[in-house]
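A.B. asks: Task: produce atomic coordinates for the following.
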Amino acid sequence: MSPGKRILNSGFPIPQLGFGTWQSAPGEVGTAVYEALKAGYRHLDLALMYVPGFLSPGLAGSSSKFSPSGSITNLHAIISYRNQKEIANGIQKAYKDIPGLKREDLFITSKLWNSQHHPEDVAAALDICLEQIGTEYLDLYLVHWPVAFQRGDLLLPVASSSSSDRGDVLIDDSISMVDTWKAMTELPKQKVRSVGVANHNVHQLENIIKGSGVTPSVNQIERHPHLRSDDLIDYCAEHGIHVTAYSPLGNNVIGDPLVINHPVVKEVAESASKRLGQTVTGANVVIAWAQVGGHSVIPKSVKPSRILDNFKEIVLTEEEIQAVDAIGKDRKRYNIPFCYYKPRWDVNIFDEAVEKIATSRAF
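C.D. replies: Numbers count the residues shown, from 1 in each chain. All right, here's what the predicted structure looks like:
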């Protein structure tokens, strides 16, 4: 089945169903992207840097040390998520093996990393990204976080001392997100078709729009039934900002069950299976729910069978949508760098209660 598309405020179409690469390890992600393209995905979500999976089983409680130079002795923290070159290999293999597949058939997203926020660095960062992926242009380039790190070659510059046993990333509050966003909007159109942001709340969106006069095409956010973010969704709809949901299955490494295993999701999957006369999984339900309202969603997996199953699109009834909506009464946000990242980001990004003691504030 070919996924639906929506038109961004830049005039370009974006597929609603995409393939995410967050938390995909080296040696797996290139093959996973290749399998996704074989399955029919045409929307790929990438990034220069994905932070080390929170306090993941490979990192939580580890003896990783942070040196004054900002190097990390547990190299898994960086290597596992700098995966764009491997992804490029998967894409090139797909071009060779999938009849007729061309670059213009794909929608490729990547992201500006936090240490590249200085306005003078934005254009060069895009060039690095294009070289890694092996493409002449991106369909979408996002400001990954509303947080600037210390400028320089280190992707995770770490303070020489910290009150946290996880260490602290060096935050640079002198770099204005408005200035970073202005630099994004001035990137050559032949190199990037649309620009947007990720992990931005209403206040942060208002600041960059007011300060630049330019509205982002996309806001990519953590979104799943436990984190509906209705106010943010409404704001984006009112301002023509397309929403893309990451971690739609409730991916987390803090021990909570995945939302696809929630009793309500299981009940809806069983009901939809009977109604449609085919097997509907919890993942199918949540992916369908995430697209209600015209949003995009980027589930990830490295297992070919799940990659294929996640591409099976279904349409939920209004009653089924409402049932999944009700899960949001038990609100949970999993991606909070102040709480779960190693090194810690000592910054309040989302204004969650657990972030309010952070030293810095995103805006």
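A.B. asks: Helices of the stretch 201-350 of the chain, start to end?
C.D. replies: 202-212, 230-238, 263-276, 282-291, 304-310, 318-325, 337-340 (DSSP state H, counting those that start in this stretch).
A.B. asks: now the fourth one: how far from the chain's centre is it?
C.D. replies: Centroid separation for helix 282-291 versus its chain: 17 Å, with C-alpha atoms, centre = their mean, to the nearest Å.
A.B. asks: Ok, the last one next?
C.D. replies: Averaging C-alpha coordinates over helix 337-340 and over its chain gives two centres that are 16 Å apart (C-alpha atoms, centre = their mean).
A.B. asks: so what does that helix touch, helix or strand wise?
C.D. replies: If you count contacts as 3 or more C-beta pairs under 8 Å, 6 or more residues apart in numbering; DSSP states H and E, helix 337-340 packs onto strand 347-348. In short, each C-beta sits where N, CA and C put it, glycine included.
A.B. asks: which stretches of the stretch 101-250 of the chain form strands?
C.D. replies: In the stretch 101-250 of the chain, the segments counted as strands under DSSP state E, counting those that start in this stretch are 107-112, 138-143, 192-198, 218-222, 242-246.
A.B. asks: hang on, isn't A94 packed against A39?
C.D. replies: No: checked against C-beta atoms under 8 Å, the pair A94 and A39 is beyond contact range at 10.6 Å.
A.B. asks: Which one of these two is surrounded by more residues?
C.D. replies: More crowded of A94 and A39, by other C-beta atoms under 10 Å: A94, with 18 against 15.
A.B. asks: my read is the more buried one is in a strand, agree?
C.D. replies: No: with the criterion set as DSSP: H, G, I helix; E, B strand; the rest coil, the secondary structure at A94 is helix rather than a strand.
A.B. asks: Nearest residue to L37 in space, please, no chain neighbours.
C.D. replies: Nearest residue to L37, sequence neighbours excluded (C-beta to C-beta, 6 or more residues apart in numbering): A94, at 4.0 Å.
A.B. asks: Repeat that for I7.
C.D. replies: Once chain neighbours are set aside, the closest to I7 by C-beta to C-beta, 6+ apart is P13, at 5.6 Å.
A.B. asks: In contact with that neighbour, which residues?
C.D. replies: Under the criterion of C-beta atoms under 8 Å, 6 or more residues apart in numbering, the neighbours of P13 are 5-7, 107.
A.B. asks: ok, now with 10 Å
C.D. replies: P13 makes contact with 4-7, 107, 139 under the criterion C-beta atoms under 10 Å, 6 or more residues apart in numbering.
A.B. asks: how close does it get to R193?
C.D. replies: 10 Å (C-beta to C-beta, to the nearest Å).
A.B. asks: Next, show the common contact partners of those two.
C.D. replies: Common contacts of P13 and R193, defined by C-beta under 10 Å, 6+ apart, comprise 107, 139.
A.B. asks: Buried ones only from the contacts of P13, please, as a PyMOL command.
C.D. replies: Here is the PyMOL selection string for the buried members of these, based on 16 or more other C-beta atoms under 10 Å:
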select buried, resi 5+107+139
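A.B. asks: Need the contacts of P13 in a markdown table (columns: pLDDT and distance to D121).
C.D. replies: Written out in a markdown table, the entries for the contacts of P13 read as follows (pLDDT from 0 to 100; distance: C-beta to C-beta, whole Å):
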| residue | pLDDT | distance to D121 |
| --- | --- | --- |
| G4 | 93 | 36 |
| K5 | 97 | 32 |
| R6 | 98 | 31 |
| I7 | 98 | 31 |
| F107 | 98 | 25 |
| D139 | 98 | 22 |
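A.B. asks: nearest to R228, of the contacts of P13?
C.D. replies: Set against R228, the nearest of the contacts of P13 by C-beta to C-beta is R6 (19.2 Å).
A.B. asks: Tell me who's in contact with that closest one.
C.D. replies: 13-16, 242-243, 291, 294-296.
A.B. asks: Please pull out the lowest mean pLDDT helix or strand from this protein.
C.D. replies: Lowest mean confidence among the helices and strands of the chain (mean pLDDT, DSSP states H and E): helix 76-79, at a mean of 34.
A.B. asks: Nothing else from me, thank you.
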